[in-house]
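Asker: what follows is a predicted protein model with its sequence.
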Amino acid sequence: MWEQIRSNQVRSIVLAISMGLVLLGVGYGLGFYFLDNGIAGMLFALVLWLIMNMVAFFQGDNILLALAGARKIGPSDHPRLYNIVEEMKIASGLEKMPDVYIIDDPAMNAFAIGRDKNKCAVAVTAGLLSKLNRDELQGVIAHEMAHIKNRDVLLQVITSVMLGTIVILSWYASRFMLFGGMGSSRRSSNSGGGAGQAIIIIVAVVLVILAPIFAQFIYFAISRKREYLADASGAAYTRYPEGLASALEKIASSTEQLKSANQATAPMYIMNPFRQKGKPAVNLTSTHPPISERVRILRSMGGATFSDYNKAYSQVHQGGGSIIPASAGLVPPKSGLKAAHDRHTGVLEDSSGEIQRTRETSDVLWKLNKYKTINCKCGTRLRIPPEFKGTQVKCPHCGNINNIQ
């Protein structure tokens, strides 16, 4: 597995360099088209990329967390989640505890972010906290901690900023070309610059149009390679591959769409957040490896080491038969039952566990939104919004008048 890790790292470097060459190509094409100087265009592209990298390095995590609608929590806000993050921090060997965030969204997903191991964060959705049991949630958190440990989050920032620079340059250039932005090269071509220069201009225009597509493919390739390594590392941290496998199945079977995700942030999540509305994700994904394949590899592991994952990876990619039993297919679990066994008791949990987790998560979100909670004598819990100015509220169930502290 160490060879696989090294191979992934080398491939990621090569792909990142390839994206950099695409960026330089776009800059050269634009410089030649508008300034009759390709080198000047390359320098402009590099300067723009450096500026965006500086913004991403110092504020990128805050920007992406804000775009996702993530809210930071402390140990007392959601003890179960915070405790799991602490456990995986120790298991992964990270020196600093990542910040923990919750996204108020019913979709099931999670991501890690940060420029290095000392400034990082883990964010999970409310839907994930409600639907997953402890072992499954631990598997997801371990996967995200692996991204931090393996420095995937830094590579993610670099490649996403590079992709953003390519898209910005190409977008503005195409608008100038369509709406009359004539460069000096175009003018010299019209005044007798020759067919050779006209061909170069055509190549530059084609490159500007196709470069974002090429860059997007490279970006997706980097993301897919890193997911296998994160799955292997997560299984090693928890010593229980089934937890992550079951979590991936549940997330895939969810029909909720993540509203805050976009094309640039999609590879950050443990599963591609884009899916057809009202349908499970199954294997329709571009930024991540096929879900069924990831689950098959995890379920075929004989243990929880990198070597075990490597053997399972080789077995699955040699075209072996399906390892996932028919009862564990990518379909929503039956009502009243969970998809995975509790490894401590060996029995299936009933739906009361999910109800309890939903209430636990709901309480955190009410608190984060600064709602006050009043417990009426009849047992009703009243939620008072922060903008409410009264001093008393009537219980809608028993009619009792409750004072607001």
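Answerer: Received the coordinates, thanks.
Asker: now residue 151: how far from residue 65?
Answerer: Distance, residue 151 to residue 65, using Cβ to Cβ, to the nearest Å: 19 Å. Glycine gets a C-beta too; all of them are placed from N, C-alpha and C.
Asker: residue nearest the centroid of this protein?
Answerer: residue 269 (1.7 Å; Cα atoms, centre = their mean).
Asker: what does the pLDDT read for that residue?
Answerer: The per-residue pLDDT reported for residue 269 equals 82.
Asker: next: residue 139.
Answerer: If you check residue 139, the pLDDT there is 95.
Asker: please enumerate the helices of the stretch 301-405 of the chain.
Answerer: Listed in chain order, the helices of the stretch 301-405 of the chain (DSSP state H, counting those that start in this stretch) span 306-316, 352-368.
Asker: which among those helices is found nearest to residue 48?
Answerer: helix 352-368 (36.8 Å; Cβ to Cβ).
Asker: about what we covered before: any idea what the residue nearest to the centre of the chain is bridged to?
Answerer: The bridge-partner assignment for residue 269, based on DSSP bridges, gives residue 111.
Asker: that one touches residue 111, doesn't it?
Answerer: Yes: checked against Cβ atoms under 8 Å, the pair residue 269 and residue 111 is within contact range at 4.7 Å.
Asker: tell me which of residue 151 and residue 65 has more neighbours.
Answerer: It is residue 65, of residue 151 and residue 65, that has more neighbours when counted by other Cβ atoms under 10 Å, with 20 against 16.
Asker: this protein - how does it break down into domains?
Answerer: In the domain annotation for the chain, the residue ranges read 2-225, 370-405 (automatic domain parsing).
Asker: list the contacts of the residue nearest to the centre of the chain.
Answerer: 109-111, 258, 261 (Cβ atoms under 8 Å, 6 or more residues apart in numbering).
Asker: farthest pair within these?
Answerer: For the contacts of residue 269, the farthest-apart pair by Cβ to Cβ is 110 and 261; their separation is 11.9 Å.
Asker: residue 395 versus residue 296, what's the distance?
Answerer: Counting by Cβ to Cβ, the gap from residue 296 to residue 395 is 53 Å.
Asker: ok, and the most crowded of the contacts of residue 269?
Answerer: Highest neighbour count within these, by other Cβ under 10 Å: residue 111, with 28 neighbours.
Asker: I figured it hits residue 268, correct?
Answerer: Yes: here residue 111 lies in contact with residue 268, judged by Cβ under 8 Å, at a distance of 4.0 Å.
Asker: I'd like the average pLDDT over the helix or strand hosting residue 23.
Answerer: Per DSSP states H and E, residue 23 falls inside helix 2-35. For helix 2-35, the mean pLDDT works out to 69.
Asker: out of the helices and strands in the protein, which is least certain?
Answerer: For the chain, counting by mean pLDDT, DSSP states H and E, strand 337-341 ranks last in confidence among helices and strands (a mean of 39).
Asker: out of the contacts of residue 269, which one sits closest to residue 57?
Answerer: Nearest to residue 57 among those, counting by Cβ to Cβ, is residue 111 at 18.1 Å.
Asker: for the closest one, what are its contacts?
Answerer: Counting by Cβ under 8 Å, 6+ apart, residue 111 makes contact with 68, 122-123, 144, 265, 268-270.
Asker: most neighbours of all those, which one?
Answerer: The most neighbours of any of the contacts of residue 111, using other Cβ under 10 Å, belong to residue 144, which has 30 neighbours.
Asker: can you count the residues close to the nearest residue to that residue once chain neighbours are set aside?
Answerer: What sits nearest to residue 144 in space, not counting adjacent residues and going by Cβ to Cβ, 6 or more residues apart in numbering, is residue 112, at 3.9 Å. Taking other Cβ under 10 Å as the criterion, the count of residues near residue 112 is 25.
Asker: how close does residue 112 sit to residue 149?
Answerer: From residue 112 across to residue 149, the span is 10 Å (Cβ to Cβ).
Asker: same question for residue 110.
Answerer: Taking Cβ to Cβ as the criterion, residue 110 is separated from residue 149 by 16 Å.
Asker: how about residue 166?
Answerer: For residue 166, the distance to residue 149 (Cβ to Cβ) stands at 29 Å.
Asker: ends of stretch 123-136, how far apart?
Answerer: Between the opening and closing residues of stretch 123-136 there is a gap of 15 Å (Cα to Cα, to the nearest Å).
Asker: for the closest residue to residue 238 other than its chain neighbours, helix, strand, or coil?
Answerer: Counting by Cβ to Cβ, 6+ apart, residue 142 is the residue found nearest to residue 238 once chain neighbours are left out, at 4.8 Å. Under DSSP: H, G, I helix; E, B strand; the rest coil, the three-state class of residue 142 is helix.
Asker: so what's the residue count around residue 142?
Answerer: For residue 142, the number of neighbouring residues by other Cβ under 10 Å comes to 29.
Asker: point out where this protein drops to low pLDDT.
Answerer: Counting by pLDDT under 70, the low-confidence segments of the chain come to 1-13, 15-16, 174-175, 177-212, 214-225, 262-265, 275-287, 319-352.
Asker: okay, how far is it across stretch 248-267, tip to tip?
Answerer: The first and final residues of stretch 248-267 sit 15 Å from each other (Cα to Cα).
Asker: next SSE downstream of the helix or strand that contains residue 137?
Answerer: With secondary structure defined by DSSP H and E, residue 137 is part of helix 134-149. On the C-terminal side of helix 134-149, the nearest following helix or strand under DSSP H and E is helix 152-178.
Asker: remind me what that following helix packs against, helices and strands.
Answerer: helix 2-35, helix 38-67, strand 110-116, helix 134-149, helix 195-238 (3 or more Cβ pairs under 8 Å, 6 or more residues apart in numbering; DSSP states H and E).
Asker: any buried residues in that helix, and which?
Answerer: Taking 16 or more other Cβ atoms under 10 Å as the basis for neighbour counts, the residues of helix 152-178 that come out buried are 152-170, 173, 176-177.
Asker: now do stretch 94-101
Answerer: Taking 16+ other Cβ under 10 Å as the basis for neighbour counts, the residues of stretch 94-101 that come out buried are 94, 98-101.
Asker: cool, and stretch 30-42?
Answerer: With the criterion 16+ other Cβ under 10 Å, stretch 30-42 contains buried residues 30-34, 36, 38, 40-42.
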